[in-house]
Each structure stands twice: as structure tokens, then as C-alpha cells.
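Undergrad: coordinates only, no sequence provided:
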């Protein structure tokens, strides 16, 4: 049976995920798209070009799609998700699904009406092989009760330059760097702790991608322009009108008392995506970028697990193998032959709220307490929500 997919936003991320989904789901057919430029369309549709539409509502009314794939810029996600839900079809949205707290409550209301199981989200890191092995170690009790964590996301200069040249440089489009880039990681911390951020403090700003640091005579121009931007592009990452940060430090306390520190920087020549989880019985240390996971017993110093993922070709591409694995599981889920996905829309909402709180703390210089925010979200009862809307 054909899976008819309508696409909102034909950018690099859409092409990547839909390419993997097509490999896992050959019966998939793209029946229409909305994108004023659609620069990547040829890579997605190598033979038959689907019809273009001016807006998502018109596309859905004319294509009889089974699924709306939302890969548009972040600030458009809620409008496009809303159109899909009101059309009575399932929706897959790239992260972050919303960019503000007000949008969060709008989305929660929609999901309470149409069912949280109608919306799937592209938070991918839970699908990585390191995280699969980490979950086994946590379930086996090798760490005991988790006490504290530290983590980072250190981003190479060419990617940092891309952020400062792309539409993502504007908070009004992206929601801010912490939400746009680090919500993947925050989702993992929620998973690792089995809890949510309760209190957050954060400091940061932009000190690298500023005019005084601009290379002279276009020196290193190839580095900072290595990743092309497709929309709202500016040429010089050091002279740009960006309002996102290029470095940030944060500390968090979770609802269950676990504490954590986090650091991100957009100009790190030796990239890493490191985490260290310390428990009462042991520790787990890993790095998604550098490709390892080690679990060590605290009392004996015995190495319980030591895996080198650089020897696994699948773990070296596209979010450490996560994109491919997510597409495989998404295909089974859409067919009705697979289990629930590893990450839910509620997980995505919670990661987004925590990311927004970290930016609020950075902007105000105050510790942000999320007690009332989580109470309001829990009032929607989205984890028990399924589709029940009747047209």
C-alpha cells in the first residue's frame, strides 16, 4: 500500500531524512511540496517531480496525503503542524516543533484535541548505537542511582560559520541556538536522568563570531563557507546580524535531584559531543562524535563496557547512525508493524521547554524554576492522549 507524503520545506534536513525513509519504505510516494525555492528538490525527486503548492492547506486538500512531513524553518512548524492535524492526517515534524512557550501551549491544546500520537518528531539521538548500549547499562543497574552529569556539544568552526550565515542566526526564526541545536542533547539528559529540568541557570553570549575576529583578506574563507546556506543567507559570519550565541554554559537541577553542567561552543577545532554520568555504583562516559562508550565500576575500577564505535561504519554517518535507524523504525511505525518510537512528541515538548528555560536564565541572569511550567504541561495529560477528534 502506497504511503503518500506531502512535504513542507524541501531543505537539506528534509532531503536527508526522506532519503533514508524512502530506502526503508519503498512504497513511499511524495505527492506534493511547499517551498518557495526548493533548492534541494532534485536530490529528493530524481525522476518524477511532484506538484508544487503555494501553501500547506491547499496541498493537503488536493493531494489526499497520508502524512505531512514538516521540514520548514522552525518558526513555521506550528502553522504547518496545525494544518496537518486539522486535515485529519498524521504529521512528522523536524525539531524543534515550536519556538516559544506560547506556541508550546498552542501545540499542547491541539494535541489534546487531535491526539499526541498523531505527531511524530525528528529528535534522533536516542536512536544512536551508543545510546542503545547506554540504556542497557542503565537498566542493568551498573551505575546505581545517578547523582550528577556533565556534558558538552563542541561544534567545529565550519558549522559555527554556517549558523552565523544561515536563517538560524535569527532567534525569531530558530528559537535560539540552545533550542535549535542542543534540544537533541537535552532530550538525552531527560532520558538519562529519567527526569526533567527543575531549575536552570546559564551564561553565554557571542565572543568569537564578531567583527574584530574576522580573518583578514578572506583568510580561511573556505572553512567558514564550507556548509552552504539555502535561505536568508548572509556572506560573512563575523560581520553578520546574528543574535544567537556562540558559546554557553549551563547548570541544571532535575526534578529528582540529579545535577548537571553543560557547555557548548561553536568554534571548537576538535569536535566532541561528550557525556559523563556518575552514579552511586559506577560511571558511564561516552562521546557521540568521537565514538566511544565506557562503563566503569566505582568500587573495583573494573571496565564493564568499552566499545569503540569508530569501527562501526553505520555509527560514523548522519547523527552517528541515528538518522538511518530512526527512518527504519519510523517506516515500521507508519505501517503499523513496529513498536512505539523511541522519542515521543511529549519528549520533544519537554526538551524544548528546558532549552527555552536555559535561554531565559541566560538572558535574565536569574535561576529559572520550572515547577509551574511542568504543572501546566502535565495538566494537558498528553502522555495518555490518543487521537479522538471527529470531523
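TA: That came through fine. Computed from a predicted model, the values in this text were never measured in an experiment.
Undergrad: any regions of the stretch 1-150 of the chain where pLDDT drops low?
TA: Judged against pLDDT under 70, the stretch 1-150 of the chain has no low-scoring part.
Undergrad: could you pull out the helices for it?
TA: With helices called from DSSP state H, counting those that start in this stretch, the stretch 1-150 of the chain shows them at 12-24, 41-44, 56-63, 77-86, 101-114, 129-139.
Undergrad: among the ones you listed, which comes closest to residue 318?
TA: helix 12-24 (6.5 Å; CB to CB). Where C-beta positions appear, they are placed from N, C-alpha and C, glycine not excepted.
Undergrad: what packs against that closest one?
TA: On a contact count with 3 or more CB pairs under 8 Å, 6 or more residues apart in numbering; DSSP states H and E, helix 12-24 meets strand 3-8, strand 28-34, helix 41-44, strand 67-70, helix 322-335.
Undergrad: how about a cut-off of 6 Å?
TA: Applying 3 or more CB pairs under 6 Å, 6 or more residues apart in numbering; DSSP states H and E, one finds that helix 12-24 makes contact with helix 41-44, helix 322-335.
Undergrad: just name the most buried of the helices of the stretch 1-150 of the chain.
TA: Per-stretch averages of neighbours, counted by mean count of other CB atoms under 10 Å, single out helix 77-86 among those, with a mean of 22.
Undergrad: quick one: that helix to chain centroid distance?
TA: Distance, stretch centre to chain centre, for helix 77-86: 18 Å (CA atoms, centre = their mean, to the nearest Å).
Undergrad: could you say what helices and strands it packs with?
TA: Packed against helix 77-86 by the contact rule (3+ CB pairs under 6 Å, 6+ apart) you find helix 56-63, strand 67-70, strand 90-93, helix 101-114.
Undergrad: got the angle for the longest one vs helix 77-86?
TA: Interaxial angle of helix 101-114 relative to helix 77-86 (axes from the mean of the first three to the mean of the last three CA atoms, to 10 degrees): 10 degrees.
Undergrad: strands of the chain, start to end?
TA: 3-8, 28-34, 67-70, 90-93, 119-121, 146-154, 197-205, 247-254, 259-265, 274-279, 282-287, 292-297, 303-308, 368-369 (DSSP state E).
Undergrad: same list (the ones you listed) but as TSV, adding distance to residue 340.
TA: As requested, those are exported to TSV (distance: least, CB to CB, whole Å):
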stretch	distance to residue 340
strand 3-8	18
strand 28-34	21
strand 67-70	17
strand 90-93	14
strand 119-121	10
strand 146-154	24
strand 197-205	24
strand 247-254	24
strand 259-265	27
strand 274-279	24
strand 282-287	25
strand 292-297	24
strand 303-308	26
strand 368-369	31
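Undergrad: what's the closest of the ones you listed to residue 239?
TA: strand 197-205 (17.1 Å).
Undergrad: can you give me the angle the closest one makes with strand 259-265?
TA: Going by the same axes, to 10 degrees, strand 197-205 makes 30 degrees with strand 259-265.
Undergrad: was I right about residue 362 contacting residue 205?
TA: No. Using CB atoms under 6 Å, residue 362 is not in contact with residue 205; the gap is 8.0 Å.
Undergrad: neighbour count: these two, which is higher?
TA: residue 362 (22 against 12; other CB atoms under 10 Å).
Undergrad: what comes into contact with stretch 174-192?
TA: 74, 95-96, 99, 123, 125, 153, 168, 196, 244-245, 277, 347, 350-352, 354-355, 358-359 (CB atoms under 6 Å, 6 or more residues apart in numbering).
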